[in-house]
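Peer 1: My questions are about this predicted structure, shown below with the sequence.
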Amino acid sequence: MRTMIGALVLTVISVAAAEVARPVRYLNVLLGGALFITPFVYEGTLVGTLGSVSAGTALIGLRFRRGLIRERCGNWNPH
């Protein structure tokens with residue numbers, strides 16, 4: 001399950017790398033929450049639980065970092 005979530009995280013990060021698709025990075029909050037909950041639902045080992053909880057926490061926390069938008073793409077940007 002964690003492998004599938006990891007692949008989805010990489011896909012979301014790749015899409016959100018484009019400046020016009022930055023709001024997509026909020027999907028990582030859902031995926032981080034899934035990583036946070038998964039070891040308790042599927043009874044993971046202690047190491048697996050700690051790794052999954054820390055990765056989920058990092059995903060949720062890292063979505064707050066936002067750099068400057070340097071490029072504009074027509075009417076796609078709200079400002």
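Peer 2: Ah, there it is.

Peer 1: Would you mind measuring from Glu43 to Val15?
Peer 2: 32 Å (CB to CB, to the nearest Å). The way it works is simple: take the backbone N, C-alpha and C, and place the C-beta from them, glycine included.

Peer 1: Those two: which has the busier surroundings?
Peer 2: Each of Glu43 and Val15 has its neighbours counted (other CB atoms under 10 Å); Val15 has more, 13 against 8.

Peer 1: so who does the more buried one touch?
Peer 2: For Val15, the contact set (CB atoms under 8 Å, 6 or more residues apart in numbering) comprises 21, 24.

Peer 1: Just the pLDDT for it.
Peer 2: We have a pLDDT of 87 for Val15.

Peer 1: Ok, Ala55 next?
Peer 2: So, for Ala55, pLDDT stands at 90.

Peer 1: what's the burial count for Leu10?
Peer 2: By other CB under 10 Å, the residues close to Leu10 number 10.
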